[in-house]
Every structure is written in structure tokens, then in C-alpha cells.
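Chemist: below is the structure, and that's it, no one-letter string:
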Ligand code: HT7
Ligand code: ZN
């Protein structure tokens with residue numbers, strides 16, 4: 001396939017005013033009749049061309065007359081029709097085959113033929129697998145959908161929009177009609193049909209609209225939907241309060257499926273969710289999973305305005321809806337839970353997923369300039385970095401200014417397909433600020449390095465901060481421009497007190513926290529009336545998605561770790577100090593950095609006033625991927641061992657007695673309440689147990705086995721199982737056998753059973769993976785299951801996957817080829833685990849190259865997988 005370029009965007013030659021779909025549903029074959037009212041673009045004379053993939057064309061007519069075979073051509077995914085005019089009506093009838101569709105795109109079957117249900121996934125280009133249509137996001141159409149099916153087999157019939165009648169048909173069939181008053185692109189179309197149960201609630205919007213909220217699932221898990229329903233209601237209220245956005249249909253349906261390529265889908269009025277992000281109950285969901293359910297429910301709901309009411313002009317603008325909606329979800333979650341913990345979690349995710357993407361062969365701008373396979377562009381860069389860009393702009397405008405800007409954005413573009421320029425113009429115009437300099441952030445790939453150097457002039461009582469930026473070349477972008485980088489900062493004295501900031505040029509001292517913007521290659525900022533050498537707390541709250549390079553001493557970082565009032569920067573100082581400690585470990589003695597890190601954390605460990613969840617995060621050094629990101633020759637086995645040593649030093653410094661005492665204190669009357677304080681205690685308990693296992697394995701394993709048996713919920717149970725399994729403790733096999741049996745009929749819990757074993761570090765992992773592949777519950781056909789084993793192995797277990805003998809690579813490429821034949825989207829995504837292979841040490845690098853090259857040479861790879869493999873190999 002040849003690439004599509006942003007610069008080639010043209011308005012559509014034809015649009016569709018209305019579509020009437022009549023769908024006769026069946027598991028093996030479904031017939032889709034469509035009636036399109038066409039509008040021609042007056043400035044174009046191009047013939048009518050519609051997208052259609054794998055459709056069996058049964059009938060076609062234009063303006064009421066059946067078309068002669070010479071009047072249309074259907075080839076290579078395009079139906080070309082002669083004779084269409086403005087206002088013409090094109091009718092087609094096609095046959096599709098849901099049960100044979102293993103790609104989980106278009107119309108497909110979830111679950112078994114006997115008990116499963118039918119559903120659709122149309123983003124990004126799935127609608128063309130259902131009917132002929134101009135399948136691009138800037139064609140907005142009014143939908144009327146009539147579903148017909150056997151009542152016994154498909155008692156529930158759902159489509160997006162408002163219900164508009166239903167009734168009986170002869171032969172035990174029934175029908176249901178839905179009309180969506182809001183014009184929408186094809187990617188937001190959805191239907192669901194089958195045997196499903198529901199829970200529901202009435203909701204009244206702030207502007208008085210009455211809405212029925214309905215969550216649907218298979219009968220055996222309907223009791224696990226209550227948390228999601230609560231989260232939905234909270235999200236709706238929050239969007240009303242924070243952005244003045246009300247829901248706009250009479251019903252809001254949400255459906256859970258176990259067979260889904262991504263997390264969830266925001267189809268208008270009919271969200272469809274991967275069960276992993278909708279179902280939650282204490283017995284099978286961890287605290288993290290509860291938070292993920294809340295976040296994804298919120299994200300999909302927020303799309304109703306940022307994505308659906310205002311959609312994207314083309315797929316290059318994907319971050320317009322995704323970056324913005326991630327940002328809105330982050331705001332919501334920060335408001336609902338702890339803001340600094342949420343920020344820590346999100347920045348850690350950005351560093352684990354987006355920074356490596358930006359530093360390797362898959363690097364691309366938040367708004368890419370070209371793509372081949374759009375499904376490969378649902379990346380951490382578009383989502384997570386995109387959200388960081390919105391955050392910077394929101395910070396620039398302030399809370400009220402951002403709200404003003406968003407109001408104008410909705411006012412100007414409601415019902416339209418917009419661009420990132422439209423977004424920045426609305427935000428800027430509402431505040432009389434030119435935001436165009438931020439466009440460079442959208443266009444330029446790579447993570448900027450922000451270099452900071454502070455100099456203190458005692459004679460003048462001045463502190464000069466010199467900031468400079470540099471972005472390394474990325475594929476296709478050898479030259480980089482300077483970007484506007486907002487740096488939120490405070491200055492501390494050596495006792496840990498924040499100082500008033502008197503920036504040269506300002507009239508007077510301006511509080512103790514300030515945002516300065518570096519918008520050149522290098523810039524100096526002078527702070528006056530500084531009476532002693534300060535310690536700068538820079539980039540507070542992670543005010544820009546950059547790598548900060550500042551040669552702090554261990555003492556300075558320890559001071560920030562102990563005193564910084566910004567919870568995020570406190571954690572960040574600990575992360576930087578752990579990095580210094582890690583770098584100095586090979587010296588084989590307790591370096592200053594290691595000692596400073598351990599001492600500061602041991603002191604914090606004694607403080608009972610600190611939030612236990614924050615303490616748990618402070619006690620966790622950066623992950624193996626983050627350590628690897630800073631090295632030019634990566635040996636994942638060594639990184640794992642060194643990180644263990646670092647944690648061992650910390651555990652030793654805190655001491656077995658203190659760890660044990662805290663563990664027991666946190667274990668007293670364990671329960672599964674979901675309030676923040678209870679979650680925080682469980683988080684710290686898990687961390688303490690992990691640290692204890694490093695210094696007293698025997699005792700920690702005995703405690704873990706006991707915790708496993710008596711755990712009141714999944715959080716404690718899985719934490720204990722994780723310690724036993726990763727340490728390969730004697731008690732692990734019994735616990736694993738018990739878990740396997742207990743959750744034999746719970747796919748989401750079983751996924752965790754696969755994952756926890758796929759994460760066993762080091763060479764032992766491969767044999768475990770091979771054995772688990774033979775478990776009767778393992779299948780590549782189900783994305784969650786494939787990810788639970790191979791995703792966990794290849795993307796979250798560096799020391800297990802990157803074996804020196806290359807066997808990890810061989811196994812993965814073998815399975816990717818098999819998976820590709822079933823589901824190219826998932827195969828391509830799993831293949832991104834190879835990102836960064838060029839920086840591996842020579843032995844592993846060689847093995848990775850061989851495995852990738854042999855995968856690339858296989859016949860018949862999908863465009864999805866070949867694009868990723870080709871790019872990774874570059
Ligand atoms: N907008 C959705 C992205 C999406 C997707 C979802 C499910 C399966 C395939 C998909 N392709 C793209 C999800 C979201 O960001 O909310
Ligand atoms: Zn989204």
C-alpha cells in the first residue's frame with residue numbers, strides 16, 4: 001500500500017445527507033440494505049466512488065432503477081457508479097459473514113455460535129466492511145437504522161440514536177428502528193444484537209433532558225456492571241459542571257464484550273466496551289482495574305462532545321479527539337481521586353510507552369504527516385503526548401481561559417469535522433492569544449531535552465537559570481525547531497522552605513510558584529533577592545513532555561524528595577535520585593546517591609502522616625524500560641539485576657523489622673472497601689511485601705501465601721500471587737493451581753493468571769510461556785488472552801523476552817505470523833514490542849534483527865503488520 005499524505009487532503013467529492021439501513025441479522029450471513037441520499041460537491045465533477053471491503057454485492061439501483069453491470073465497477077475496495085447526480089438515491093444490498101470475521105472489525109460475532117452476540121466496530125475504517133459508503137470522518141450523515149432478526153436468538157436489538165419503533169415479523173422474527181438526529185461519520189455507527197441482560201438508571205441532564213442509561217452484558221456478569229453505571233453518571237455530571245456539556249439523546253447504551261481489539265469505542269449513543277474496562281467486582285478486579293474502568297467509561301463518555309459532536313476532518317487529526325479526550329479524562333480522574341497520584345500514574349505511563357516510541361524507529365508527530373495503515377496510528381504519541389499538548393495549552397490559558405476557549409470551540413464547530421488548527425484558533429481567539437507556536441509541537445516528533453543550569457551569585461543575591469532545548473533527529477525529520485516549553489518552577493532554601501520569586505523584569509515578587517516559557521534554543525532567567533543558593537524545583541507537575549537534564553546533586557534531590565510540596569515533583573525527585581543511584585551501583589559500594597535515596601526514603605517510611613499511596617510510589621524506582629531508555633547499549637538482564645540490587649539496598653536500609661511492622665499494621669482487618677484511603681493502604685502493603693521479599697524471602701513468602709488465602713479481594717490476592725510467582729517461591733505452584741481453578745469461568749481473572757506468569761523475570765519465562773500456550777484456555781483468537789500472555793511477555797518483561805539466545809524473539813515472531821492471519825490489528829500492536837531493538841547489546845541485537853527479517857520476508861503479511869515490521873527494521 002502507498003502512503004496517504006496530510007497535504008493531499010481534499011474535501012469529499014460526494015457526501016451523504018441521509019442513510020437508511022435495513023439489516024437482516026444472522027450469524028453466518030447478514031444482509032445489509034442501504035439507501036443513500038447523495039450530495040455532490042459543486043466544485044467537483046468526479047464520479048461517485050464509495051468504499052466497500054469484502055462485500056458480496058446482491059443488488060444495486062440508482063434513483064429507483066436497477067443498474068446494469070456496465071454502470072458500476074467494484075474493485076479493490078472501491079465501488080464506482082456512473083450517472084449519479086446531486087440528490088440521487090443509491091440503493092445497495094450486500095451480504096457479509098459475521099461468524100467468519102476474525103478481525104473484530106466491521107460486523108462480527110462475540111463468543112460462541114450458540115450463545116454469542118453480534119456487534120460492530122467501525123473506527124477507523126470498519127463501516128466499509130458493512131456497507132458501501134464514503135468511509136471518511138468528514139462525511140456526516142443522518143442515520144435511520146432498522147434491525148431485523150430471529151427473536152429467540154436475538155431478543156435484544158440495539159443501534160445508535162433514539163429508539164423509533166419495534167414490532168413483530170412473521171416466522172418468529174422481530175424488528176427495531178433507531179433514528180440518530182445528530183449527523184455523524186460512518187466510524188460512529190454501531191449495532192449490537194443477541195441475548196443480553198441490562199441494568200439501567202434514569203438521568204436528568206443539567207439542561208433538563210431525560211436520559212435512560214443502560215448497561216448491557218451477558219447474563220452471568222450483569223452484576224459486575226454497577227460500578228461502571230456509577231462511573232458513567234459521575235462522568236456525565238462532571239462534564240456538565242466542568243465544560244457545560246449535556247448529553248443529547250434519550251438513551252445511552254453501553255455494551256460489554258470479551259472480544260474487542262482496543263479498550264472501548266465511543267459509537268454515538270451505543271458505546272461498546274472491552275469487558276476488561278466495564279466489568280468490576282471485588283473478587284475479580286484489582287483497585288487499579290476499578291480506576292481503569294472509571295477512566296475508560298469517562299473517556300468514552302467525554303467523546304460524545306470531543307469526537308462525536310465535533311469530530312475529525314481526517315485521520316491525521318486523530319489527536320484532536322483523542323489527545324483532548326485523554327486530557328479531559330485526566331482532569332476528571334484528578335478531581336475524583338488524588339490529583340498528584342493521577343499525575344504520577346500518567347507521567348509514568350507516558351515515559352513507559354510514549355518516550356520509547358518517540359526515541360525509536362516508530363517515532364511520529366502527534367499529528368502525523370503520512371500513514372499507510374491508520375489502525376497503526378492509535379499510539380501513545382497521539383493519545384498520551386497529545387494530551388500533554390492540550391495540558392500545556394490549558395496551562396497557558398488558565399482554567400477560565402481554557403473554558404472560554406472550549407466554549408468557543410464547541411460553538412464554532414458543533415456538527416462539524418474539525419482540524420487541530422480549528423482547535424487552536426478557537427482557544428486562542430477566545431483569549432486573544434496567538435497559540436500558533438504550539439502547532440510545532442503537533443508537527444515535530446521526538447521528545448525535547450530540556451537542559452537546565454542554575455548559577456548563584458552571592459554578591460548580587462541573584463540566581464540565574466539557563467534553560468536550553470534540543471530535540472534529536474527522528475525518522476524523516478533530521479532538523480528540529482525550538483518549541484515553546486512552559487516550565488513551572490519554585491525555589492527552595494536549604495531547609496526546604498519555598499522562596500518568594502522575584503523574576504528580573506517583574507515589578508514585585510510573584511508568589512512562590514511561576515511558569516516561565518522557554519521559546520528559543522536557549523534563554524536565561526534571573527531571579528533577584530535570593531539570599532542563599534537555592535534548589536530549583538523545575539517542571540512542576542510535569543508542565544511539559546520533555547526530558548529534564550539538570551545536574552542536581554544527590555543532596556538537592558533528597559531535599560526535594562523530602563520537602564517539595566508538589567506531590568508529583570516529590571516523586572520525580574525520588575525517580576531522578578534513583579537514576580543516579582542506579583548509575584553508581586556498579587561501583588560496588590554505597591554511593592552518595594544510593595545512600596541519599598535510601599536515607600530519604602527510610603526517613604519518609606517512618607512518617608505516618610504521608611499518604612500511603614504516595615509513599616508506595618516514592619518507594620518504587622523507575623521501571624526497567626525507563627532505565628533502558630537512558631542507555632545506548634541495553635542489556636535487559638543486567639538492568640533487571642541492577643534494579644533488584646537497588647531495591648534490595650532500600651529494603652535493607654528500611655530494615656526487616658520496620659517492613660514487617662508496617663506490613664502487619666496495614667494488614668489489620670483487611671477488607672475490600674474502595675475508598676481512596678483503603679486503596680492507598682493496599683498499595684503500600686503490596687510495596688512493603690515486595691521489599692520484604694528482597695531481604696527476607698522466607699518470611700515474605702509465608703506472609704504472601706497467607707495473604708493469598710485470606711485476601712478479601714483481588715487486589716490483595718493478586719499482589720500476593722505476584723510476589724510468589726515472580727520469586728518462584730515454593731508456595732507459588734499451589735497458589736497458581738488454586739487460582740486457575742477458582743477462576744476457570746472468569747476470563748478477565750484468567751487473563752491475570754496468564755500475565756502474572758508471563759512476567760517471571762529472566763530466562764525462566766520462555767519455558768513458562770510455552771507451557772501456558774498449551775493450557776486449554778489459551779487462544780490467539782481472543783485479543784485479551786493473546787495480550788495477557790504475549791503482550792505481557794514481550795512488552796512488560798524485558799529480562800524474560802530479550803534472551804541472549806534470541807529464543808524469545810523467535811517465539812514471538814512465530815506467533816505474530818499466526819495471529820496476523822486472524823487479526824492484523826492485534827498482531828501489529830504486539831509487534832511494537834520490538835521497538836528499540838537497535839539499542840540492544842550486539843548479541844541480542846543480532847538475534848532480534850534475524851527474527852524480524854525472517855518475519856518481514858513471510859508471504860502474505862497484512863499491511864498492518866508489514867508496516868510495523870518494516871518501520872521497526874529501518
Ligand atoms: N476511539 C476508539 C479508538 C479505536 C478503536 C476502538 C476499538 C477497536 C478498534 C479501534 N480502533 C480505534 C477508542 C477510544 O480512543 O476511545
Ligand atoms: Zn478515545
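Modeler: That came in fine, so what should we check first? Not measured: the values here are computed from a predicted model. Numbers count the residues shown, from 1 in each chain. Ligands and ions are numbered 1, 2, ... in the order given.

Chemist: okay, now the unreliable bits of this structure?
Modeler: Confidence mapping of the chain against pLDDT under 70 gives the ranges 587-588.

Chemist: how about the backbone phi and psi for the residue of the chain found nearest ligand 1?
Modeler: For the chain and ligand 1, the shortest gap (C-beta to the nearest ligand atom) falls at residue 262, measuring 3.4 Å. For every residue, glycine as well, the C-beta is placed using N, CA and C. Main-chain dihedrals, residue 262, degrees, to the nearest 10: phi -120, psi -160.

Chemist: helix, strand or coil for the residue of the stretch 1-150 of the chain at minimum distance from ligand 2?
Modeler: Nearest residue of the stretch 1-150 of the chain to ligand 2 (C-beta to the ion) works out as residue 123 at 8.9 Å. Recorded secondary structure, residue 123: coil (DSSP: H, G, I helix; E, B strand; the rest coil).

Chemist: any residue of the longest helix along the chain up close to ligand 2?
Modeler: Longest helix in the chain by number of residues (criterion: DSSP state H): helix 386-413. No: shown here: helix 386-413 not in contact with ligand 2 (C-beta under 5 Å from the ion), separated by at least 10.1 Å.

Chemist: tell me which strands and helices that helix is in contact with?
Modeler: Packing partners of helix 386-413 (3 or more C-beta pairs under 8 Å, 6 or more residues apart in numbering; DSSP states H and E): helix 226-243, strand 310-312, helix 318-336, helix 420-431, helix 439-443, strand 485-492.

Chemist: and the angle from the first one to helix 318-336?
Modeler: Counting by axes from the mean of the first three to the mean of the last three C-alpha atoms, to 10 degrees, helix 226-243 points 100 degrees away from the direction of helix 318-336.

Chemist: name the helices or strands packed onto the helix or strand following helix 226-243?
Modeler: Using DSSP states H and E, the helix or strand that follows helix 226-243 in sequence is strand 251-257. Packed against strand 251-257, as judged by 3+ C-beta pairs under 8 Å, 6+ apart, are the following elements: strand 117-121, strand 210-217, helix 226-243, strand 270-274, helix 287-302.

Chemist: try it again at 6 Å.
Modeler: When contacts are defined as 3 or more C-beta pairs under 6 Å, 6 or more residues apart in numbering; DSSP states H and E, strand 251-257 sits against strand 210-217, strand 270-274.

Chemist: tell me how far residue 416 lies from residue 217.
Modeler: 34 Å (C-beta to C-beta, to the nearest Å).

Chemist: so which bits of the helix or strand hosting residue 867 are buried?
Modeler: Residue 867 is part of helix 863-873, with elements assigned from DSSP H and E. By neighbour count on 16 or more other C-beta atoms under 10 Å, the buried set for helix 863-873 is 864, 865, 866, 867, 868, 869, 871, 872, 873.

Chemist: also stretch 483-496?
Modeler: Buried-residue list, stretch 483-496, by 16+ other C-beta under 10 Å: 483, 484, 485, 486, 487, 488, 489, 490, 491, 492, 493.

Chemist: Serialize those residues to JSON lines and add fields for distance to residue 558.
Modeler: Output for those, formatted as JSON lines (distance: C-beta to C-beta, whole Å):
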{"residue": "483", "distance to residue 558": "31"}
{"residue": "484", "distance to residue 558": "32"}
{"residue": "485", "distance to residue 558": "26"}
{"residue": "486", "distance to residue 558": "27"}
{"residue": "487", "distance to residue 558": "22"}
{"residue": "488", "distance to residue 558": "21"}
{"residue": "489", "distance to residue 558": "19"}
{"residue": "490", "distance to residue 558": "17"}
{"residue": "491", "distance to residue 558": "17"}
{"residue": "492", "distance to residue 558": "12"}
{"residue": "493", "distance to residue 558": "15"}
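
Chemist: looking at the residues you listed, spot the one nearest residue 524.
Modeler: residue 487 (12.8 Å; C-beta to C-beta).

Chemist: for the residue nearest to residue 690 when sequence neighbours are not counted, give me its contacts.
Modeler: Excluding its sequence neighbours, the residue lying closest to residue 690 (C-beta to C-beta, 6 or more residues apart in numbering) is residue 723, at 6.0 Å. Listed by C-beta atoms under 6 Å, 6 or more residues apart in numbering, the contact partners of residue 723 are 689, 693, 704.

Chemist: please repeat the previous calculation with a cut-off of 7 Å.
Modeler: 689, 690, 693, 700, 704 (C-beta atoms under 7 Å, 6 or more residues apart in numbering).

Chemist: name the residues of the helix or strand containing the second one that are buried.
Modeler: Just to be clear, that refers to residue 690. Using DSSP H and E, residue 690 sits in helix 676-695. Going by neighbour count (16+ other C-beta under 10 Å), the buried part of helix 676-695 is 678-695.

Chemist: equivalent analysis for stretch 273-284, please.
Modeler: The neighbour-count check on stretch 273-284 (16+ other C-beta under 10 Å) flags 273, 274, 275, 276, 277, 278, 279, 280, 281, 282, 284 as buried.

Chemist: what's the answer for stretch 178-187, then?
Modeler: 178, 179, 180, 182, 183, 184, 185, 186, 187.

Chemist: what of stretch 240-250?
Modeler: Buried-residue list, stretch 240-250, by 16+ other C-beta under 10 Å: 242, 243, 245, 246, 247, 248, 249.

Chemist: same thing with stretch 304-315?
Modeler: 304, 305, 306, 307, 308, 309, 310, 311, 312, 313, 314, 315.

Chemist: break this structure into its domains for me.
Modeler: Annotated domains of the chain cover 4-195, 311-443, 449-473+482-544, 552-654, 656-742, 764-874 [automatic domain parsing].

Chemist: hmm, the first one touching ligand 1?
Modeler: Yes: shown here: domain 4-195 in contact with ligand 1 (C-beta under 6 Å from any ligand atom) through 121, 123, 124.
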